[in-house]
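S.K.: what would the 3D arrangement of this be:
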Amino acid sequence: MKGIIIYQSRYGATEQYARWLAEATRLPMLSLDRATPAILAGYDIIILGSSVYVGKLLVSKWLDQNAGLLAQKKVLLFIVCGTTADDISQQQEIIRNNLGRALSRSIETFFLPGRCVIANLSWKDRIVLKIGAWLQKDPQKKVVMNQGFNYMDQKNLTRLIAAVKHSVKETALC
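M.R.: A predicted model of the protein is given here:
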């Protein structure tokens, strides 16, 4: 069956993961702004990538607008953010705040650690990050927010690649 990778990236981390995923799975990739319902109709599996900005998925509005179409597809969502793999409560909060109840049940989600290069941020995003760091109670998170981070690694895709390959096989059997 046919699958496609669709992504929305703000500073390039999600796009980089989408590229690595496309290389590993040999699936086509497309930026979200070019993903029309007509294009999506030709695919059985949608692998959707989004970064998080101030707790909000960049694709959340698109998910709402295309919920009916996505309900007919196998959807895997990879979320790229600064949330660590062991911070399950923060991951659940992101899902709860961005996916409707029906979508959260039907979409399989994967959290991937991203990057934040302070020098690359717009002045507005630097201010938002500074305010967030100032409000942050956890001293380790505060340091990371002030200094930036880069947790990007192709190895972070291992579970997602396995799920994509499994979904392609599973959909082919139906």
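
S.K.: from here on, just use CA atoms for contacts and neighbour counts.
M.R.: Will do.

S.K.: separation between residue 64 and residue 39?
M.R.: 17 Å (C-alpha to C-alpha, to the nearest Å).

S.K.: of those two, who's got more company?
M.R.: residue 64 (14 against 10; other C-alpha atoms under 10 Å).

S.K.: which SSE is that one in?
M.R.: If you go by DSSP states H and E, residue 64 is part of helix 60-65.

S.K.: report the buried residues of that helix.
M.R.: 60, 63 (16 or more other C-alpha atoms under 10 Å).

S.K.: what residues does that helix touch?
M.R.: Helix 60-65 is contacted by residues 70, 98, 99 when judged by C-alpha atoms under 8 Å, 6 or more residues apart in numbering.

S.K.: next secondary structure after that helix?
M.R.: With elements assigned by DSSP H and E, the helix or strand that comes after helix 60-65 is helix 67-70.

S.K.: quick check: next helix or strand after that following helix?
M.R.: Following helix 67-70 in sequence, per DSSP H and E, is strand 74-81.

S.K.: what packs against whichever helix or strand comes after that next one?
M.R.: Later in the chain than strand 74-81, the nearest helix or strand by DSSP H and E is helix 88-98. Using 3 or more C-alpha pairs under 8 Å, 6 or more residues apart in numbering; DSSP states H and E, the elements in contact with helix 88-98 are strand 56-57.

S.K.: output the contacting helices and strands for the strand it packs on.
M.R.: Using 3+ C-alpha pairs under 8 Å, 6+ apart: strand 56-57 touches helix 88-98.

S.K.: could you give me the buried positions within the helix it packs on?
M.R.: 91, 94, 95, 98.

S.K.: out of everything not next to it in sequence, what's closest to residue 2?
M.R.: Nearest-residue entry for residue 2: residue 43, 5.1 Å, with adjacent residues in sequence omitted and distances by C-alpha to C-alpha, 6 or more residues apart in numbering.
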